[in-house]
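# here are the coordinates; sequence isn't available:
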């Protein structure tokens, strides 16, 4: 990775739909040359994908919450992780230090959906919920 | 938002660089018709932007951490928020319930950079750090 | 709901036995007209009922307490809720965020009755008790 | 207080607008005799008032929360209590055992109003918030 | 209980072996009159007994500790209480508010005896130990 | 201390007003010989005094509580200790491990007196109160 | 132990490979006389052994952590202790006051090895992990 | 570092006073060849020094404790660290995750020395002490 790759990544972070031509003007390369570098960044596994920033509120999300799930026994944490990560409300799921647990970020239509989610995952551990007030 | 918009969003979530032509084939619309709908989703503020999924480890990140910052006095939380959100290590920053605090997700080159970050934000509150072991 | 309804509600909140005639004088309506509006507020489900403010100490209550009941497993919380809410000592019972639990407000004749209550509900979860010193 | 007073209180607890005539039929007394007993219950300070049970959601309440306010110094707790109790969002405010604090029940239009409330009271102590998910 | 009884109690609290004659001089009563009053204080259950203040260190106590025993299930707390109270190391045992538990004050010959005690009572609940550094 | 001293101490622990004659019969010594041994136990500082076991409830105590006082700064703990130990409600006061604090056992006429006590000592640290429900 | 023994210990603490001749010069004794004293310190059990100070990072350690293991039941703590102490990552293992637990200091090749360790010991209790950021 | 270096380190870890001749026999090298390798391990900074394992109890240590020092403000943690690390009772001092703090392992003559130590370091933060019961 050289300084041109770094610049390309910066531009794509701001707008991942940016055309290679526009990027090329900034880094003084042709569009195909930019495309080749982007392809290499994908092949090296540096770029993992291209995603959207959505206004979840406008899509019906009224309750965002961090749920800390303290696993009943650490040896079952991986099972819990694999179940949790695939649920559609889950934005992130990380195993963290402190009391051995998963830190889950979830977006929910309403409090009732949050409750349903908590009850579903409570078979794996003790959930502690913090509502996001603003963020 | 109708069911076609929903499908378009789904496809863009998986790959935000997907061409309107490819999306069009799936939803049985022309590329310009897809482009027009995407433009409307942007104008309605549903799509906020297009971002990258990066392999941060390959970019030099060795320490990922959640830092909970309990603010010394709630009235200064907004000031803290505005300072924290613009620091480059910060991936997310949310005000959460429980003891009034910011939940900060940060990516750091190493433990030393994490310490520097903690010391910098400690003027606003009491930081509690959980390292992400895997996620 | 217009501003007259709001005024009627305000007067009834202060004294729910207030006559419609007295209310009518304040809002410049006849007693039957007030009665009709109150009936509508009941039918819309805005007014749920008319209750008493009692001096519980004079009725023999010596110990008021908040009991936080951390449920053994979230999936049994609804069962616990349904049992707890119908016990006569219980003034309020709310499911709250944080560690998944019920927050129960109870009025008791004495500490011994509080202990009996705690032991009864401890089959559902771990009770943590805070005595109300004044309120 | 005899068993007839107890029955009268029970009926008024269920519906504080109940007419003395209806109550009288149940306790086999004339309406004026019931009225006289109710008056005495008021004069003895057993009945403190007549209140409404409202559907707060229909009146615009979207966020109900318990806020525990740990006072910076116990000696200022009374000042804090007197400020908090008169704010319109506050339904209950009790001084409780455990770490010396006020347990405040508040009803808010939305999360933003809750934040404003927290910031206002944070001059007196450290607020810890639990959202009521259902109750 | 009149003011003379109060004075008698005060003198006995300071020295429970004080002779009735000496007490009598202070309260201007004869020794038999004092004896009669003390007998009545015993019969009324105000005086429960006469005990010693010992220097436990000189009797071989090297470790004093408060042990908080959080009971596994509140319904078994009474069983635990009855077991704990009769163990010779136990000076006090009280059921307290907060997380439902026994607060046990124990005097031990050494840390090893404290460990043995903790292991013995751990069948009833989760022990948390605080060593008395000075008191 | 030999086995006779141990027996004498045991008898005095049960009843510190026991006559030396009665004790002498049990340990097969004359009353003066017992008296001489007791005097020696006092002089060695093993017996510190003779106290009463009182029924505090019958003397007007309605609220017994443990108050944990976390000192603002450890260096002022001795000052706090010296103030607290001489207050008449205080039965015990011990400096304990864990978060540096005093563990205070207090007997109070009512909750109001407990509150007054808490407010008085709060200049030294943060009080956390547990009511004794039975003990 | 006299002052010469103390000096010998001080020198060996700084460098346990120091020759007896060098030590002898400092304490004005012959090398064999020093050797005799060291032998006695070993025989009295004061010197337990001679160890190395290593740079663990250079030997591949990337993650150092304190793991607090709260034992499920105190009676099994000794079993847990005996298992834990013999694992090669474990530098120290101490039974501590507070909530009955083992405080384990472990050095790990990476976070993944730490996770494996946590999962292995979680059969004995609930692990809480603190990463050493610097030390 | 090859497998011979590893074996040399293992032997020195067990007994750092082991002669190079004895080590040489195990690894099939001459004493000077072992000495040369040890010198290189020192020069590479892998071996930092040679230390003693002492029986601290026999040297007068009666109280071993972990003291967690939560720093008042993270920015002063380095100052605290530098003060604490040089005090003779301190065996280890590590900055750890969780609430930003130093984890200090100290060996003390008695509880009084521990108290003195706590009071001395309390100018930097809030100390929480756990006594080592066995380890």
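Received, thanks. Remember, it's a predicted structure, so these values are computed and weren't measured experimentally. Numbering: from 1, shown residues only, chains lettered A, B, ... in the order given.

# tell me the contacts of residue A:117?
With contacts defined as Cβ atoms under 8 Å, 6 or more residues apart in numbering or on different chains, residue A:117 is in contact with A:67, A:87, A:89, A:106, A:108. Just so you know, the C-beta spots here come from the backbone N, C-alpha and C atoms, and that holds for glycine as well.

# I meant residue A:81, not that one.
Contacts of residue A:81 by Cβ under 8 Å, 6+ apart are A:93, A:95, A:102.

# Can you give me the buried ones in the stretch of helix or strand the second one belongs to?
Assigned by DSSP states H and E, residue A:95 belongs to strand A:90-96. For strand A:90-96, the neighbour count (16 or more other Cβ atoms under 10 Å in any protein chain shown) marks A:90, A:92, A:93, A:94, A:95, A:96 as buried.

# re earlier: adding pLDDT and distance to chain D, write the contacts of residue A:81 out as a markdown table.
Output for the contacts of residue A:81, formatted as a markdown table (pLDDT from 0 to 100; distance: Cβ to the nearest Cβ, whole Å):
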| residue | pLDDT | distance to chain D |
| --- | --- | --- |
| A:93 | 97 | 21 |
| A:95 | 95 | 26 |
| A:102 | 95 | 20 |
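
# Need those in a markdown table (columns: distance to residue C:118).
Below are these laid out as a markdown table (distance: Cβ to Cβ, whole Å):
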| residue | distance to residue C:118 |
| --- | --- |
| A:93 | 36 |
| A:95 | 35 |
| A:102 | 31 |
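
# right, is stretch A:35-53 up against chain B?
Yes - for stretch A:35-53, a contact with chain B is found by Cβ under 8 Å from any Cβ of the partner chain, at A:44, A:45, A:46, A:47, A:48, A:49, A:50, A:51, A:52, A:53.

# and the end-to-end length of that stretch?
Taking Cα to Cα, to the nearest Å, stretch A:35-53 runs 23 Å from one end to the other.

# That one: how far from the chain's middle?
Relative to its chain's centre, stretch A:35-53 lies at 16 Å (Cα atoms, centre = their mean, to the nearest Å).

# Okay, buried residues for that stretch please.
A:35, A:37, A:38, A:41, A:46, A:47, A:50, A:51, A:52.

# farthest pair in those?
The largest separation in those, counting by Cβ to Cβ, is between A:37 and A:52 at 23.2 Å.

# still on that earlier bit, next step: the residues of stretch A:35-53 next to chain B restricted to strands.
Per DSSP state E, strands hold the following members of the residues of stretch A:35-53 next to chain B: A:47, A:48, A:49, A:50, A:51, A:52, A:53.

# before we move on, the earlier item: now, among the contacts of residue A:117, which is nearest to residue F:118?
Nearest to residue F:118 out of these is residue A:67 (Cβ to Cβ; 35.5 Å).

# and residue A:21, how many neighbours?
The tally of other residues near residue A:21 (other Cβ atoms under 10 Å in any protein chain shown) stands at 12.

# would you say it is within a strand?
No - counting by DSSP: H, G, I helix; E, B strand; the rest coil, residue A:21 falls outside a strand, being helix.

# Surely residue A:132 is in contact with residue B:96?
Yes - proximity of residue A:132 to residue B:96 meets the contact threshold set by Cβ atoms under 8 Å, at 5.6 Å.

# shared neighbours of the two, which are they?
A:66, B:103.

# Show me how far the element among helices and strands of chain A having the smallest mean pLDDT is from its chain's centre.
Across the helices and strands of chain A, mean confidence by mean pLDDT, DSSP states H and E is lowest for helix A:77-85: a mean of 89. How far helix A:77-85 lies from its chain's middle: 16 Å, per Cα atoms, centre = their mean.

# OK, contacts around the residue nearest to residue A:80 when sequence neighbours are not counted?
Closest residue in space to residue A:80, ignoring its immediate chain neighbours: residue A:124 at 3.6 Å, by Cβ to Cβ, 6 or more residues apart in numbering or on different chains. Under the criterion of Cβ under 8 Å, 6+ apart, the neighbours of residue A:124 are A:69, A:71, A:72, A:76, A:77, A:79, A:80, A:83, A:84.

# Quick one, which of those residues are buried?
Using 16+ other Cβ under 10 Å, the buried members of the contacts of residue A:124 are A:69, A:71, A:72, A:77, A:80, A:84.

# Which pair of those residues spans the longest distance?
Farthest pair in these, by Cβ to Cβ: A:72 and A:84, 14.1 Å.

# Make sure residue A:103 is indeed in a helix.
No - according to three-state DSSP, residue A:103 belongs to no helix; its state is strand.

# still on that earlier bit, tell me the one of the buried residues of strand A:90-96 nearest residue H:28?
residue A:95 (46.0 Å).

# separation between that closest one and residue B:130?
10 Å (Cβ to Cβ, to the nearest Å).

# Determine the residues that are contacts of both of the two.
residue A:103.

# What about the closest residue to chain C within chain A, how many residues nearby?
Residue nearest to chain C within chain A (Cβ to the nearest Cβ): residue A:122, separated by 3.2 Å. The number of residues packed near residue A:122 is 20, by other Cβ under 10 Å.

# from memory residue A:13 sits against residue B:49, does it?
No - between residue A:13 and residue B:49 there is no contact under Cβ under 8 Å: 9.8 Å.

# Looks like residue A:32 contacts residue A:20 (just checking).
Yes - counting by Cβ under 8 Å, residue A:20 is a contact partner of residue A:32 at 7.4 Å.

# ok, now which ones touch residue A:24?
A:30, A:31, A:33, A:34 are the contacts of residue A:24 under Cβ under 8 Å, 6+ apart.

# and the third one, what pLDDT?
What it means is residue A:33. For residue A:33, the pLDDT comes out at 97.

# wait, is it part of a helix?
Yes - using three-state DSSP, the secondary structure at residue A:33 is a helix.

# Alright, that wraps it up for me.
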